[in-house]
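Colleague: With the input below, show me the fold.
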Amino acid sequence: MKEAFTFHDVLLVPKRSSVRSRKDVDTSGRFSKNITLKCPVVSANMDTVTEARMAIAMARCGGLGIIHRFLTIEEEVAEVVKVKRAESVVIENPYTVGPEDSLEYARSLIERHEVGGLIVVDRERRVVGILSNRDMQFQTDGAVQIKRVMTKNPITAKVGTTPDEAEEILREKKIEKLPLVDGKGVLQGLITAKDIKAKRHRPEASKDKKGRLLGGAAVGGVGDFMERAAALLEGGADCLVVDVAHGHADHVIDAVKKLKKKFGSAELVAGNVATYEGARDLAAAGADGIKVGVGPGSICSTRIVSGSGVPQLSAVIECAKITKERGIPVIADGGIRDSGDITKALAAGASSVMLGSLLAGADESPGWTVVRGGTRYKVYRGMASLTATLSRKKKESTENLDPIEVAEVVPEGVESMAPYKGPVAEVVYQLQGGLRSGMSYSGARSLPEFWTKAEFVRISAAAWAESKPHALDK
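Modeller: The predicted structure is shown next:
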């Protein structure tokens, strides 16, 4: 019988270090073969953790967010589109309205797409105006036509204008939006002051080749997963995550093969597994990244209900063998309670980590906010919990759930509340700072160097108690 360990069973041995400052440590790690993150932290694909707001905030921090799949296909695609349009060097398909459209219609578009304004075009898509929040201010008549309130004859620039050239035009003309047009005045793109400033102020942000924020989305392993995957990739998703509790199953392996065969160029991450054999088989099926973790999550009860699982540190060590053999990164998903656990997970061979509970209390999570005893919390639930399972079944069926069907649900997760933590950027900053410190204690300036220098030592329960603040009552 093997012996297995989790994060609180070990500590990292401090080594001689030439690192003078945490700032000298490069925390970059991979989420998949071709996606590298400057901050190797990914928000979990859970309905109380990641939708567009969280994914946008994570990408701006240098991490990544994975939109959960417990939405209709159209709803999940819409979340992905929000992420991809949040920032860009050039917005290729700006949202537009016609001059005869009503102000009420324009406001509905702005609210739906969460943008600050619209380009007004005629039937030939020639730019005739811009409608901004400033133009709509104090306008109470929703039926008024846009041409009566828009800014007419806006400043435009030719297609091919560089960001530096656009910045000069925006500064000189004191405007915030610069439509790009061809020789006939037809709209071809848009550059905004907001995006230029974001590029300058957040150089660590995770972006694609077009300067758009990175964003991923989850699919299942049965049902509409092929249709969903096609729609998500069409919407701009940078990676797909096959989201299944037990990833080392024939139907999951078959799903990965089908997805890779149909969408070969797409980055595909699959999981969850807890053994080398599981990682090996998903990699052989075509996965570009492997999620590791069966039962370690804070609101997961799989190990108690089913008796199955592997302590997370040992699971990561075993699965990370696939990184050495085939260059495929593994993502430690679950069981992480603090920045020290992130450090240990990466030292064990993970290339990035996926977080749920540590991010669930942030402003950007979609969980409900509640107040208990004067303290703010956000609702957080496992995706195999009773309420999450019933919500999923209700969305999948047009009929009311049968009481017998409800009674047959065997939950493998629970509902809880995460303490409110404010903006997720502040949470990630602290976590990344702890990771930098941990790597510096091992004398490592990069993740590959960390893998060679890290040394674990087993500790007792008394040693773990000694590791925490103690004797404070004396």
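
Colleague: Now do the strands in the stretch 51-200 of the chain.
Modeller: Read by DSSP state E, counting those that start in this stretch, the stretch 51-200 of the chain holds these strands, from start to end of the chain: 64-67, 96-97, 117-121, 127-132, 151-152, 157-158, 177-181, 187-192.

Colleague: try the stretch 201-350 of the chain
Modeller: Counting by DSSP E, counting those that start in this stretch, the strands of the stretch 201-350 of the chain are 216-219, 239-243, 267-273, 289-292, 330-333.

Colleague: Make CSV from those and add distance to residue 301 to it.
Modeller: Every residue, glycine included, has its C-beta placed from N, CA and C. Listed next are the strands of the stretch 201-350 of the chain as CSV, based on distance: least, CB to CB, whole Å:
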stretch, distance to residue 301
strand 216-219, 21
strand 239-243, 18
strand 267-273, 15
strand 289-292, 19
strand 330-333, 16
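
Colleague: would you turn these into JSON lines with mean neighbour count?
Modeller: Converted to JSON lines, those look like this (neighbours: other CB atoms under 10 Å):
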{"stretch": "strand 216-219", "mean neighbour count": "28"}
{"stretch": "strand 239-243", "mean neighbour count": "27"}
{"stretch": "strand 267-273", "mean neighbour count": "28"}
{"stretch": "strand 289-292", "mean neighbour count": "31"}
{"stretch": "strand 330-333", "mean neighbour count": "30"}
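
Colleague: Using CSV, please lay out these together with mean pLDDT.
Modeller: Below are the strands of the stretch 201-350 of the chain laid out as CSV (pLDDT from 0 to 100):
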stretch, mean pLDDT
strand 216-219, 98
strand 239-243, 97
strand 267-273, 96
strand 289-292, 98
strand 330-333, 98
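
Colleague: between the ones you listed, which gets nearest to residue 350?
Modeller: strand 330-333 (4.0 Å; CB to CB).

Colleague: Please list the residues outside that closest one that contact it.
Modeller: 31, 42, 44, 269, 271-272, 279, 289-293, 297, 312, 316, 319-320, 322-323, 345-346, 348-354 (CB atoms under 8 Å, 6 or more residues apart in numbering).

Colleague: Out of the strands of the stretch 201-350 of the chain, the one nearest residue 432 is which?
Modeller: Closest approach to residue 432 among the strands of the stretch 201-350 of the chain (CB to CB): strand 330-333, 15.3 Å.

Colleague: chain center to the closest one, what's the gap?
Modeller: Computed by CA atoms, centre = their mean, to the nearest Å, the separation of strand 330-333 from the middle of its chain amounts to 14 Å.

Colleague: As PDB, could you dump the C-alpha coordinates of whichever strand or helix holds residue 434?
Modeller: Per DSSP states H and E: residue 434 is located in helix 424-441. Once non-C-alpha atoms are left out, helix 424-441 reads as follows in PDB (Å, rounded to 0.1, in the frame of the first residue of the first chain):
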ATOM      1  CA  VAL A 424      -9.500  39.900  -6.900                       C
ATOM      2  CA  ALA A 425      -6.400  41.900  -8.000                       C
ATOM      3  CA  GLU A 426      -5.500  42.400  -4.400                       C
ATOM      4  CA  VAL A 427      -6.000  38.700  -3.600                       C
ATOM      5  CA  VAL A 428      -3.800  37.600  -6.500                       C
ATOM      6  CA  TYR A 429      -1.100  40.200  -5.600                       C
ATOM      7  CA  GLN A 430      -0.800  38.700  -2.200                       C
ATOM      8  CA  LEU A 431      -0.700  35.100  -3.500                       C
ATOM      9  CA  GLN A 432       1.900  35.900  -6.100                       C
ATOM     10  CA  GLY A 433       4.000  37.700  -3.500                       C
ATOM     11  CA  GLY A 434       3.900  34.600  -1.300                       C
ATOM     12  CA  LEU A 435       4.900  32.400  -4.300                       C
ATOM     13  CA  ARG A 436       7.900  34.800  -5.100                       C
ATOM     14  CA  SER A 437       9.000  34.500  -1.400                       C
ATOM     15  CA  GLY A 438       8.700  30.700  -1.500                       C
ATOM     16  CA  MET A 439      10.700  30.400  -4.700                       C
ATOM     17  CA  SER A 440      13.400  32.700  -3.300                       C
ATOM     18  CA  TYR A 441      13.800  30.600  -0.200                       C
END
